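# Predicted model, plus sequence, below.
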Amino acid sequence: MFTPVLAKHSKSFSLIDCISVGVDRMQRNFEPMRKQVEAWQRSELTDVTAKVVIYEAFVEGKLEAPKHLARRVHDLYFEPKYEEFRPRTIWSLSNAFTSAFKELDGIGCDSREARSRTMNTDEKAISAALTKYEDALNRSDTDAVMKLYAPDGVFMPQNFPSSIGADAVRKAYDGVFRTITLSVKFAVAEITQVGHDWAFARTNSAGMVKVTATGQSSPEANQELFVFQKVANDWKIARYCFSTTNPPRGQS
């Protein structure tokens with residue numbers, strides 16, 4: 001999952017090449033995932049089939065998970081919180097499982113600890129920066145976000161122009177936090193160091209987003225690409241872009 005340092009110096013390092021590798025991986029992985037989600041949304045389930053799946057997962061032990069989650073999965077599937085998961089489909093059942101798992105205290109801690117044992121010092125520092133970024137987003141804390149960016153950092157949100165430099169990046173995040181409140185969890189897919197002072201990280205995030213103007217909440221899911229630069233011995237976000245992995249609205 002984590003690639004060791006291949007070069008000790010960054011003299012010949014190309015930032016464009018780094019971004020290209022990361023974006024290419026994101027695009028290659030996105031299309032099959034989108035088609036899989038669409039297939040799940042089209043796959044209807046009878047109530048009996050859904051109950052059998054839940055029974056086999058927890059009672060028969062086909063899924064390695066706490067058995068008490070069976071009731072929670074059942075409730076989330078048959079009485080969903082959100083309209084888009086009301087259709088009785090594999091997609092809705094999958095969401096019920098993942099939503100139940102997210103409610104477990106400390107979920108993800110074991111996997112993060114196991115991952116940290118395989119990383120070198122720089123990769124651990126980048127992983128720590130990603131954890132701080134997740135926390136800053138969930139607290140709507142622009143000051144905390146800015147501490148993680150390089151002075152000439154670039155923020156590239158989907159469907160918006162790039163924000164270039166500290167002032168523009170700060171303004172962009174202020175706008176985001178005025179508009180929405182996030183409650184998301186990041187999962188690191190890979191951290192790759194491509195030079196002494198450069199690395200990129202690919203992540204996936206999921207959770208909820210609340211719109212300030214309406215008070216309405218809905219599921220949030222994205223894939224992200226971070227380019228990190230070592231500045232004064234600290235890994236900082238040099239470039240950051242993301243795109244949603246939620247299916248298009250109205251598509252079933």
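Sure thing, it's come through.
# what about the stretch 151-252 of the chain, any weak spots by pLDDT?
Applying pLDDT under 70 to the stretch 151-252 of the chain flags residues 248-252.
# what about 50?
252 (pLDDT under 50).
# in it, which spans are strands?
163-164, 180-193, 198-211, 217-231, 234-244 (DSSP state E, counting those that start in this stretch).
# Given the second one, what are its sheet partners and their directions?
Which is strand 180-193. strand 2-3 (parallel), strand 198-211 (antiparallel) (DSSP bridges).
# And the first one, by the same measure?
Sheet pairing of strand 163-164 (DSSP bridges) gives strand 149-156 (antiparallel).
# what's the angle from the strand it pairs with to strand 234-244?
Calculated by axes from the mean of the first three to the mean of the last three CA atoms, to 10 degrees, strand 149-156 forms an angle of 10 degrees with strand 234-244.
# rewinding a little: which stretch among the strands of the stretch 151-252 of the chain comes nearest residue 68?
Closest of these to residue 68 is strand 180-193, at 20.9 Å (criterion: CB to CB). Where C-beta positions appear, they are placed from N, C-alpha and C, glycine not excepted.
# any idea which element the residue in the chain sticking out farthest from the centre lies in?
The centre of the chain is farthest from one residue, residue 48, which by CA atoms, centre = their mean lies 32.8 Å away. Applying DSSP states H and E as the criterion places residue 48 in helix 47-58.
# Spell out which residues make up each domain of the protein.
Residue ranges for the domains of the chain, per automatic domain parsing: 35-102, 108-244.
# From residue 54, how far out is the residue farthest from the centre of the chain?
Going from residue 48 to residue 54 by CB to CB, to the nearest Å gives 11 Å.
# can you check residue 78 too?
When distance is defined by CB to CB, residue 78 is 10 Å away from residue 54.
# who has more neighbours, these two?
Legend: neighbour count by other CB atoms under 10 Å for residue 78 and residue 54, higher for residue 54 (21 against 15).
# looking at the sheet around the residue sitting nearest the centre point of the chain, what are its partners?
Centroid-nearest residue in the chain, with CA atoms, centre = their mean: residue 205, separated by 1.5 Å. Following DSSP bridges, residue 205 is listed with bridge partners residue 186, residue 222.
# And it, how close does it get to residue 138?
Distance, residue 205 to residue 138, using CB to CB: 11 Å.
# joint contacts of these two?
Common neighbours of residue 205 and residue 138, using CB atoms under 8 Å, 6 or more residues apart in numbering, are residue 184.
# In a strand, residue 133, correct?
No: looking at residue 133 with DSSP: H, G, I helix; E, B strand; the rest coil, it is helix, so not inside a strand.
# Provide a list of residues in contact with it.
For residue 133, the contact set (CB under 8 Å, 6+ apart) comprises 145, 148, 186, 237.
# Let's see the pLDDT reported for residue 115.
You'll see residue 115 listed with a pLDDT of 50.
# Skip the chain neighbours and tell me the closest residue to residue 172.
residue 163 (4.0 Å; CB to CB, 6 or more residues apart in numbering).
# Any idea what the one you found is bridged to?
Going by DSSP bridges, residue 163 forms beta bridges with residue 155.
# ok, it touching residue 171?
Yes: when contacts are counted by CB atoms under 8 Å, residue 163 is listed as touching residue 171 (6.9 Å).
# can you list residues touching both of the two?
Residues touching both residue 163 and residue 171 (CB under 8 Å, 6+ apart): none.
# These two: who's more crowded?
residue 163 (20 against 13).
# Looks like residue 172 contacts residue 157 (just checking).
Yes: shown here, residue 172 and residue 157 form a contact pair, counting by CB under 8 Å, at 7.1 Å.
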